[in-house]
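1. please find the sequence and the predicted model below.
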Amino acid sequence: MKFYYDLHIHSDLSPCSACDMTPNNIINMSLIKGLDIISVTDHNSAGNLRAVMELGNKTGIKVVPGLEVTTKEEVHVLCYFKELDNAIEFGNIIYNSLPFIKNNPEIFGEQNIYNSKDEITGTLEKLLINASQYTIEDIFSLVKKYNGVMIPAHINKMTNGILGVLGFMPINLKIETVEVYSKMPINSKIAEKYKVIYNSDAHQLVDIAEAVNYFDLDDIEEIYEYLFE
(Lines give C-alpha, C1' and ligand atoms only; values in the text may rest on other atoms or scores of the structure.)
Protein backbone atom coordinates (compact mmCIF):
# COMPACT_ATOMS: atom_id res chain seq x y z
CA MET A 1 0.00 0.00 0.00
CA LYS A 2 1.07 3.56 -0.62
CA PHE A 3 1.34 5.76 2.45
CA TYR A 4 2.01 9.39 1.60
CA TYR A 5 4.27 11.30 3.94
CA ASP A 6 6.02 14.49 4.97
CA LEU A 7 8.48 13.92 7.81
CA HIS A 8 9.89 17.43 8.17
CA ILE A 9 7.35 20.02 9.31
CA HIS A 10 7.93 22.91 11.71
CA SER A 11 5.33 24.17 14.16
CA ASP A 12 5.04 27.63 15.71
CA LEU A 13 7.55 26.45 18.31
CA SER A 14 10.29 27.00 15.74
CA PRO A 15 10.91 30.77 15.68
CA CYS A 16 11.36 30.77 11.91
CA SER A 17 7.94 29.19 11.38
CA ALA A 18 4.65 30.97 10.68
CA CYS A 19 2.41 31.73 13.65
CA ASP A 20 -0.46 29.70 12.17
CA MET A 21 1.59 26.48 12.27
CA THR A 22 -0.43 25.21 15.22
CA PRO A 23 -1.04 21.51 15.95
CA ASN A 24 -4.61 21.54 14.63
CA ASN A 25 -3.71 23.51 11.51
CA ILE A 26 -0.82 21.18 10.72
CA ILE A 27 -2.98 18.08 11.13
CA ASN A 28 -5.88 19.55 9.15
CA MET A 29 -3.65 20.70 6.30
CA SER A 30 -2.05 17.26 6.21
CA LEU A 31 -5.52 15.73 5.90
CA ILE A 32 -6.45 18.16 3.12
CA LYS A 33 -3.29 17.28 1.24
CA GLY A 34 -3.92 13.56 1.57
CA LEU A 35 -0.97 12.65 3.78
CA ASP A 36 -0.93 9.49 5.89
CA ILE A 37 2.29 9.93 7.87
CA ILE A 38 3.87 13.13 9.15
CA SER A 39 6.48 14.28 11.62
CA VAL A 40 6.70 17.66 13.32
CA THR A 41 10.42 18.30 13.71
CA ASP A 42 10.98 21.58 15.49
CA HIS A 43 14.42 23.03 16.05
CA ASN A 44 16.07 21.51 19.13
CA SER A 45 12.81 20.88 21.00
CA ALA A 46 10.00 18.35 21.26
CA GLY A 47 7.65 20.81 22.93
CA ASN A 48 4.68 20.41 20.57
CA LEU A 49 4.91 16.69 19.88
CA ARG A 50 2.40 15.60 22.49
CA ALA A 51 -0.36 17.83 21.12
CA VAL A 52 0.31 16.88 17.50
CA MET A 53 0.40 13.17 18.30
CA GLU A 54 -2.85 13.39 20.26
CA LEU A 55 -4.55 15.00 17.27
CA GLY A 56 -2.97 12.53 14.88
CA ASN A 57 -4.39 9.64 16.89
CA LYS A 58 -7.86 11.20 16.71
CA THR A 59 -7.78 11.85 12.97
CA GLY A 60 -5.97 8.75 11.74
CA ILE A 61 -2.74 10.46 10.71
CA LYS A 62 0.37 8.61 11.83
CA VAL A 63 2.71 11.02 13.62
CA VAL A 64 6.33 9.94 14.05
CA PRO A 65 7.95 11.72 17.03
CA GLY A 66 10.86 13.83 15.81
CA LEU A 67 13.15 16.84 16.19
CA GLU A 68 15.55 18.72 13.95
CA VAL A 69 18.78 19.10 15.89
CA THR A 70 21.52 21.58 15.07
CA THR A 71 24.84 19.93 15.84
CA LYS A 72 27.92 21.70 17.14
CA GLU A 73 29.18 21.88 13.55
CA GLU A 74 25.93 23.69 12.51
CA VAL A 75 24.68 20.61 10.64
CA HIS A 76 20.94 19.92 10.73
CA VAL A 77 19.97 16.32 11.47
CA LEU A 78 16.51 14.81 11.82
CA CYS A 79 16.05 12.58 14.85
CA TYR A 80 13.09 10.19 14.85
CA PHE A 81 11.84 8.01 17.69
CA LYS A 82 9.43 5.15 18.19
CA GLU A 83 8.14 6.46 21.52
CA LEU A 84 6.97 9.96 22.40
CA ASP A 85 8.51 9.86 25.88
CA ASN A 86 11.94 9.08 24.43
CA ALA A 87 11.63 11.99 22.01
CA ILE A 88 10.66 14.36 24.82
CA GLU A 89 13.51 13.24 27.09
CA PHE A 90 15.99 13.52 24.22
CA GLY A 91 14.58 16.95 23.37
CA ASN A 92 15.10 18.14 26.93
CA ILE A 93 18.76 17.11 26.76
CA ILE A 94 19.23 19.00 23.50
CA TYR A 95 17.43 22.11 24.76
CA ASN A 96 19.49 22.18 27.95
CA SER A 97 22.67 22.05 25.86
CA LEU A 98 21.81 25.21 23.94
CA PRO A 99 23.64 28.41 24.86
CA PHE A 100 21.61 30.69 27.10
CA ILE A 101 20.79 33.25 24.45
CA LYS A 102 17.26 34.55 24.87
CA ASN A 103 14.91 34.58 21.93
CA ASN A 104 13.76 37.99 20.76
CA PRO A 105 10.32 37.33 19.23
CA GLU A 106 10.31 40.65 17.38
CA ILE A 107 13.42 39.58 15.49
CA PHE A 108 13.26 35.79 15.27
CA GLY A 109 9.61 34.95 15.89
CA GLU A 110 7.59 33.31 18.65
CA GLN A 111 8.47 29.97 20.24
CA ASN A 112 5.05 28.80 21.40
CA ILE A 113 4.02 25.53 23.01
CA TYR A 114 0.42 24.43 22.41
CA ASN A 115 -2.08 21.92 23.71
CA SER A 116 -4.36 19.92 21.43
CA LYS A 117 -6.92 22.77 21.43
CA ASP A 118 -4.37 25.16 19.93
CA GLU A 119 -4.17 27.06 23.20
CA ILE A 120 -0.73 28.46 24.01
CA THR A 121 0.45 26.82 27.23
CA GLY A 122 3.97 28.18 27.34
CA THR A 123 6.96 29.55 25.49
CA LEU A 124 10.63 28.62 25.40
CA GLU A 125 13.12 31.25 26.46
CA LYS A 126 16.31 30.08 24.75
CA LEU A 127 16.66 30.81 21.03
CA LEU A 128 16.05 27.43 19.41
CA ILE A 129 17.92 28.01 16.16
CA ASN A 130 21.31 28.03 17.87
CA ALA A 131 23.65 25.05 17.76
CA SER A 132 23.69 22.48 20.54
CA GLN A 133 26.92 21.52 22.29
CA TYR A 134 26.85 18.05 20.72
CA THR A 135 28.81 17.01 17.64
CA ILE A 136 27.19 14.96 14.91
CA GLU A 137 28.92 11.87 16.33
CA ASP A 138 27.51 12.68 19.77
CA ILE A 139 23.99 13.03 18.38
CA PHE A 140 24.28 9.78 16.42
CA SER A 141 25.18 7.91 19.62
CA LEU A 142 22.73 9.73 21.88
CA VAL A 143 19.78 9.10 19.57
CA LYS A 144 20.51 5.38 19.64
CA LYS A 145 20.34 5.37 23.44
CA TYR A 146 16.77 6.58 23.12
CA ASN A 147 15.87 3.97 20.48
CA GLY A 148 15.87 6.53 17.72
CA VAL A 149 17.56 7.13 14.41
CA MET A 150 19.49 10.13 13.07
CA ILE A 151 19.05 11.16 9.44
CA PRO A 152 21.05 14.04 7.93
CA ALA A 153 18.59 16.74 6.87
CA HIS A 154 18.26 18.44 3.46
CA ILE A 155 21.70 17.24 2.35
CA ASN A 156 21.27 18.99 -1.00
CA LYS A 157 21.15 22.41 0.69
CA MET A 158 24.39 24.31 1.21
CA THR A 159 23.09 25.96 4.37
CA ASN A 160 23.16 23.53 7.32
CA GLY A 161 23.26 20.47 5.06
CA ILE A 162 25.94 17.94 5.97
CA LEU A 163 27.61 18.10 2.56
CA GLY A 164 27.50 21.89 2.46
CA VAL A 165 29.00 22.22 5.95
CA LEU A 166 31.38 19.28 6.24
CA GLY A 167 31.88 18.52 2.56
CA PHE A 168 31.54 14.76 3.10
CA MET A 169 29.56 12.03 4.84
CA PRO A 170 31.45 10.86 7.96
CA ILE A 171 32.53 7.29 7.24
CA ASN A 172 32.58 6.39 10.93
CA LEU A 173 28.81 6.85 11.16
CA LYS A 174 26.61 4.07 9.83
CA ILE A 175 24.17 6.35 8.06
CA GLU A 176 21.60 4.39 6.09
CA THR A 177 19.10 7.10 5.16
CA VAL A 178 19.39 10.75 4.14
CA GLU A 179 16.81 13.45 3.65
CA VAL A 180 16.58 15.51 0.49
CA TYR A 181 14.80 18.84 0.22
CA SER A 182 12.14 17.98 -2.32
CA LYS A 183 12.36 21.24 -4.30
CA MET A 184 16.05 20.87 -5.18
CA PRO A 185 17.93 18.32 -7.33
CA ILE A 186 19.98 15.50 -5.85
CA ASN A 187 23.21 13.87 -6.98
CA SER A 188 22.35 10.47 -8.47
CA LYS A 189 25.26 8.85 -6.62
CA ILE A 190 23.64 9.74 -3.30
CA ALA A 191 20.44 7.99 -4.33
CA GLU A 192 22.44 4.90 -5.25
CA LYS A 193 24.25 4.71 -1.91
CA TYR A 194 21.56 5.66 0.62
CA LYS A 195 17.87 5.30 1.21
CA VAL A 196 16.40 8.72 0.45
CA ILE A 197 13.36 10.42 1.92
CA TYR A 198 11.94 13.58 0.36
CA ASN A 199 10.42 16.15 2.70
CA SER A 200 9.11 19.71 2.54
CA ASP A 201 10.87 21.35 5.52
CA ALA A 202 7.62 23.30 5.76
CA HIS A 203 7.55 26.47 7.84
CA GLN A 204 4.18 27.54 6.40
CA LEU A 205 0.95 25.59 5.97
CA VAL A 206 0.98 25.97 2.20
CA ASP A 207 4.40 24.34 2.02
CA ILE A 208 3.39 21.06 3.65
CA ALA A 209 3.96 18.39 1.02
CA GLU A 210 1.32 17.26 -1.42
CA ALA A 211 0.56 13.55 -1.67
CA VAL A 212 3.52 12.82 -3.94
CA ASN A 213 6.17 10.95 -1.97
CA TYR A 214 5.13 7.68 -0.38
CA PHE A 215 6.31 4.59 1.44
CA ASP A 216 5.24 1.26 -0.05
CA LEU A 217 4.30 -0.69 3.08
CA ASP A 218 1.94 -3.53 3.98
CA ASP A 219 0.91 -1.68 7.13
CA ILE A 220 1.41 1.90 8.29
CA GLU A 221 3.23 0.71 11.43
CA GLU A 222 6.01 -0.60 9.18
CA ILE A 223 7.22 2.99 8.89
CA TYR A 224 9.35 2.28 11.94
CA GLU A 225 10.98 -0.71 10.27
CA TYR A 226 11.76 1.42 7.23
CA LEU A 227 13.31 4.25 9.21
CA PHE A 228 15.05 2.23 11.91
CA GLU A 229 16.30 -0.87 10.11
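-> Here it is on my side, so go on.
2. buried residues of the host helix or strand of residue 89, list them for me.
-> Using DSSP states H and E, residue 89 sits within helix 84-97. Taking 16 or more other Cβ atoms under 10 Å as the neighbour-count basis, helix 84-97 is seen to contain the buried residues 84, 86, 87, 88, 90, 91, 94, 95, 97. Every C-beta, even on glycine, is put in place using the N, C-alpha and C of the backbone.
3. show the subsequent helix or strand relative to that helix.
-> Per DSSP H and E, the first helix or strand lying C-terminal to helix 84-97 is helix 105-108.
4. helix or strand for the closest residue to residue 222 other than its chain neighbours, just tell me which one.
-> Excluding its sequence neighbours, the residue lying closest to residue 222 (Cβ to Cβ, 6 or more residues apart in numbering) is residue 215, at 7.7 Å. If you go by DSSP H and E, residue 215 is part of strand 214-216.
5. in that strand, which residues are buried?
-> Neighbour-count burial for strand 214-216 flags residue 215 (criterion: 16+ other Cβ under 10 Å).
6. how far does that strand sit from the chain's center?
-> How far strand 214-216 lies from its chain's middle: 18 Å, per Cα atoms, centre = their mean, to the nearest Å.
7. so what touches it?
-> With contacts defined as Cβ atoms under 8 Å, 6 or more residues apart in numbering, strand 214-216 is touched by 1, 2, 3, 4, 5, 37, 222, 223, 226.
8. just the buried subset of the residues you listed, please.
-> Buried, going by 16+ other Cβ under 10 Å: 3, 4, 5, 37, 223, out of those.
9. OK, contacts around the nearest residue to the last one once chain neighbours are set aside?
-> Right, residue 223. Nearest residue to residue 223, sequence neighbours excluded (Cβ to Cβ, 6+ apart): residue 37, at 5.7 Å. Counting by Cβ under 8 Å, 6+ apart, residue 37 makes contact with 3, 4, 5, 6, 7, 61, 62, 63, 64, 215, 220, 223.
10. distance of residue 37 from residue 197?
-> 11 Å (Cβ to Cβ, to the nearest Å).
11. quick one on the thing from earlier: tabulate the contacts of residue 37 (a markdown table), appending distance to residue 156, pLDDT and secondary structure.
-> Shown next, in a markdown table, are those (distance: Cβ to Cβ, whole Å; pLDDT from 0 to 100; DSSP: H, G, I helix; E, B strand; the rest coil):
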| residue | distance to residue 156 | pLDDT | secondary structure |
| --- | --- | --- | --- |
| 3 | 24 | 98 | strand |
| 4 | 21 | 98 | strand |
| 5 | 18 | 98 | strand |
| 6 | 17 | 98 | strand |
| 7 | 16 | 98 | strand |
| 61 | 27 | 98 | coil |
| 62 | 26 | 98 | strand |
| 63 | 25 | 98 | strand |
| 64 | 22 | 98 | coil |
| 215 | 20 | 96 | strand |
| 220 | 28 | 94 | helix |
| 223 | 23 | 94 | helix |
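12. and these, which is closest to residue 124?
-> Of all those, residue 63 has the smallest distance to residue 124: 20.4 Å, by Cβ to Cβ.
13. which helix or strand in the chain has the lowest average pLDDT?
-> When each helix and strand of the chain is scored by mean pLDDT, DSSP states H and E, helix 188-193 comes last, with a mean of 72.
14. on that earlier part again, any idea how far the residue nearest to residue 223 is from residue 84?
-> Using Cβ to Cβ, residue 37 is found at 15 Å from residue 84.
15. phi, psi of the most centrally placed residue in the chain?
-> Taking Cα atoms, centre = their mean, the centroid of the chain lies closest to residue 41, which sits 2.6 Å from it. Main-chain dihedrals, residue 41, degrees, to the nearest 10: phi -120, psi 80.
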